[in-house]
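Undergrad: When you get a sec, could you give me coordinates for this:
(2 chains)
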Protein chains: 2
Amino acid sequence: MSVLTSLSGYPEWLPEDQFVVQSFTRLIQQKFELYGFAPIETRAVEPLNVILAKGETDKEIYTLRRLQAAEDEAGKDLGLHFDLTVPFARYVMENRGKLVFPFRRYQIQKAWRGERPSLGRYREFLQADFDIIDENPLTVQSDLEVIQTVNEIMLALPVPEFRILINNRKLLGGFYRALGIEEYGGVLRTVDKLPKIGEEKVYEILTGEQGLSTEAARKCIQLGKIKGQDMDAILKEVNSLGLSHPLLEEGLYELGYVLSNCSRQVRSIVHADLSIARGLDYYTGMVVEGKFVQFPKYPNIIGGGRYDNLASTGSVKLPGVGLTIGITRILGLVLHEGLLKASRMTSTCVLVALVSEELRGQSIQIANALRARGIPSEVFPRPLKYGRQIAYAERKGIPFVWFPDENGQGAGEVRDIRTRTQAPADPASWSPDPADLSVQIVRDDAALQRLLESTHYR
Amino acid sequence: MSVLTSLSGYPEWLPEDQFVVQSFTRLIQQKFELYGFAPIETRAVEPLNVILAKGETDKEIYTLRRLQAAEDEAGKDLGLHFDLTVPFARYVMENRGKLVFPFRRYQIQKAWRGERPSLGRYREFLQADFDIIDENPLTVQSDLEVIQTVNEIMLALPVPEFRILINNRKLLGGFYRALGIEEYGGVLRTVDKLPKIGEEKVYEILTGEQGLSTEAARKCIQLGKIKGQDMDAILKEVNSLGLSHPLLEEGLYELGYVLSNCSRQVRSIVHADLSIARGLDYYTGMVVEGKFVQFPKYPNIIGGGRYDNLASTGSVKLPGVGLTIGITRILGLVLHEGLLKASRMTSTCVLVALVSEELRGQSIQIANALRARGIPSEVFPRPLKYGRQIAYAERKGIPFVWFPDENGQGAGEVRDIRTRTQAPADPASWSPDPADLSVQIVRDDAALQRLLESTHYR
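TA: As a prediction, this is how the structure comes out:
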């Protein structure tokens, strides 16, 4: 039936997987709030002129029309937002008088792109964005807080080994200028491909298409190969290339400030990677990406950086720094490959069995008493044989079944369906083990091991 | 600037209001889970044939097109979902083999309708839906659990006085048949308008357009006027109309079961209202609406009921019962009229002041120590005069400013900016008052009073 056709690129999860989605979203939200980011949501649609203003390719955008649009709606075309940055910039300009700067916002919403679905790329996807935006120039403090936040988030999420990669556009720009390359956009984008296409191919493009001398091309590649967590070592390597420029110094200072402050933390997964440039033109300082270490072919989970001029209108330019965490992209790996599982298919902790139609009131009372104490419960709807009521609990992973007294005289007994032990209990005082109260997210280490042994994403 | 034009019907909130949205969503979600409903999310789009299959007017639907769609995409038109029921029915049929029935789901998502925006009606709106759906006929137990859940939710939300209104299609159908009216769709919809257009107008339509005798029309109106929480009184009133029919008895039993069980709870805002029918044809038993008692002109916040045949394909028909809570509709009243406010504009509890560029590391350490203990903190980005740093905290409603020791020697002092008291403190042990730790949602009783004295929504 056509009605039942899944749509390619539009992921939907079963309830047990949706618990994983929710736990990710909640954890990310908590961390954002711990770092003082305030929530906003923007509408899903923007006027097409807003969406296209930033020069994003128009091929990927979904436009919207009312099925029976009136004539007067022509020219008022709307499109679904393809990211959360463009709507954020519009929101900030629109509400500028009501916001207090520096404004720190987070925004967890879906976005849509019409591009062809592929590995980790969806047409509908959930993103978590956060930014600090100001009316005055931002200090490197803001870069650091953004990176600290994402470092803490990625360490807290139960995902495979992760690495946050940072670089700085000033560093790159200064270095290229010191080499005499004034228009370095093409060089930037070429060196950015170093991890993907390799050294030889990059060298070929730099000396060919980009017209660099063999000496300059070699230095660009050497710079792009510098990486690590030790800023002193990185400085030494950059200095050994023998170039200097005020912008290069500034970029090194900013990179070092973030990297060193992170390294001082108990645990940092932040690494410098001097090949990273990011494609979009609006970045002006720090640039950031993030990847699963063991799955290099899986696309970036994190992207973003510092921009001096994204939200602007007329003479007003608001500088900012911010990142996007691709939640659906993470889930595309961890749920699709079964690396995480929920402990059960429903929130219900206790299924209250139904003895008979006549004793329905008794089961309802027990469930109400449990709920009043915060224990998720439901009453089985029909007075079937206990075996069938237990089977329902087992299939959903509900840990406890409550059997009310068959004469309607007492509270009855509660059964742990895993241990098959049963004992008298009172719904006014009985409590489950805290680990059973709510749905737990469990790692499947065997699934990760199997994935690591395969060639997927490697 | 056109870029900054708000779109009519697309509400967006400031961060302080977004905290209210989030607290509502979180509370509703917790209650759903307490009653054993499991989360799902469906994609925002459906093929047009799915959306139109239920016969909903096509005027309200937004269709989607890729800006540069290829030829082969013709006929594959997508539309944004206009509710969460149609996608849910599709999801259940699509995943039937993987779900365990009875399936209890909740779904909190946005939906879109292209209709003209008006009081409480938006083009983009957030809804919270929950349903119990089964492969076997549902019992009245499911009706009750759905109503209990929404009763608990509406009592827990900090909103003006609310009432949940229930009726039963079988009751109405049996009554009309006992009056000799076999095709009673028109009568149903006419009596449904009783609260809106009044008794006389309804009588006119029933005896005119609908062709009822004066006697039958009077009885229909008398039935429609019956309401209340006392099922015995309601039964007496219905019986006094002197009609009987097996379907009427069944409907009265079902209505009474839900109403009586609710009334036995500590507090019930569930009332029978025998005028209610609901427009959509698929309801077959209980029907539900919900309104603000003091604002009768404000549209329904809640809608739903029992359906035997919504999710179906071929010979398979899955009966269900469920409700929609219009979150944006609630917010359209409580936020638009300022009935609720967040205690501050940001999650930040402590602003750590910056003494000087040199002592930045000290401020970062204090903020990190606070965050490690779950206290939302941020560092002021520039070493401005303390007055300006305090002013920033005041404008955002951040309750505490932490002043690090000016010689970089100690932890410094923390200032409550409301009481202007300041005392030495250690970030490893200091804790705010629990009420200050996170954003609180506060009622503005004066705003409610002003609204009650106006003619808005009355």
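Undergrad: hey, let's count contacts and neighbours off CA atoms from now on
TA: Fine.
Undergrad: Now for A:G361, how many residues are close by?
TA: 15 (other CA atoms under 10 Å in any protein chain shown).
Undergrad: ditto for A:N239
TA: Applying other CA under 10 Å, we find 11 other residues in the vicinity of A:N239.
Undergrad: With the one 10 residues further on instead?
TA: Neighbours of A:E249 under the rule other CA under 10 Å: 16.
Undergrad: and what of A:R420?
TA: Taking other CA under 10 Å as the neighbour definition, A:R420 ends up with a count of 8.
Undergrad: quick one, phi/psi of it?
TA: For A:R420, the backbone dihedrals (degrees, to the nearest 10) come out as phi 60, psi 30.
Undergrad: what's the spacing between it and B:G36?
TA: The spacing between A:R420 and B:G36, counted by CA to CA, to the nearest Å, is 22 Å.
Undergrad: cool, A:Q222 as well?
TA: Separation of A:Q222 from B:G36 (CA to CA) stands at 58 Å.
Undergrad: So which of the two has more stuff around it?
TA: More neighbours sit around B:G36 than around the other of A:Q222 and B:G36, counting by other CA under 10 Å; the figures are 28 against 17.
Undergrad: Return the residues in contact with the closest residue to the more buried one other than its chain neighbours.
TA: Closest residue to B:G36 apart from its sequence neighbours, by CA to CA, 6 or more residues apart in numbering or on different chains: A:T348 at 4.4 Å. Contact partners of A:T348, counting by CA atoms under 8 Å, 6 or more residues apart in numbering or on different chains, are A:376-378, A:398, A:438, B:33-37.
Undergrad: can you give me phi and psi for the residue of chain A most remote from its centre?
TA: Summary for chain A: using CA atoms, centre = their mean, the residue whose C-alpha lies farthest from the chain's mean C-alpha position is A:N407, with a distance of 53.4 Å. Dihedral angles of A:N407 (phi, psi; degrees, to the nearest 10) stand at phi -100, psi 10.
Undergrad: per-residue pLDDT, it?
TA: Looking at A:N407, its pLDDT is 87.
Undergrad: buried stuff in the helix or strand harbouring A:C220?
TA: Under the criterion DSSP states H and E, the helix or strand holding A:C220 is helix A:214-224. For helix A:214-224, burial by neighbour count (16 or more other CA atoms under 10 Å in any protein chain shown) applies to A:216-224.
Undergrad: re earlier: make JSON lines out of the contacts of A:T348 and add distance to B:G322.
TA: Compiled in JSON lines, the contacts of A:T348 are given as follows (distance: CA to CA, whole Å):
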{"residue": "A:P376", "distance to B:G322": "19"}
{"residue": "A:S377", "distance to B:G322": "18"}
{"residue": "A:E378", "distance to B:G322": "15"}
{"residue": "A:I398", "distance to B:G322": "22"}
{"residue": "A:S438", "distance to B:G322": "23"}
{"residue": "B:E33", "distance to B:G322": "15"}
{"residue": "B:L34", "distance to B:G322": "16"}
{"residue": "B:Y35", "distance to B:G322": "13"}
{"residue": "B:G36", "distance to B:G322": "14"}
{"residue": "B:F37", "distance to B:G322": "11"}
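Undergrad: Widest-spaced pair of the residues you listed?
TA: When CA to CA is used, the two most widely separated members of these are A:E378 and A:S438, lying 13.9 Å apart.
Undergrad: So between those two, which is more surrounded?
TA: Relative neighbour count places A:E378 above the other of A:E378 and A:S438, with 28 against 20, counting by other CA under 10 Å.
Undergrad: residues touching the more buried one, list them.
TA: Applying CA under 8 Å, 6+ apart to A:E378 gives the contacts A:348, A:350-352, A:367, B:35-36.
Undergrad: Report the separation between A:E46 and B:E161.
TA: If you go by CA to CA, the gap between A:E46 and B:E161 works out to 36 Å.
Undergrad: Show me which of the two is the more surrounded one.
TA: A:E46 (25 against 13).
Undergrad: For the stretch 101-250 of chain A, which residues are neighbours of chain B?
TA: Applying CA under 8 Å from any CA of the partner chain, one finds that the stretch 101-250 of chain A approaches chain B through A:114, A:124, A:138-139, A:141-142.
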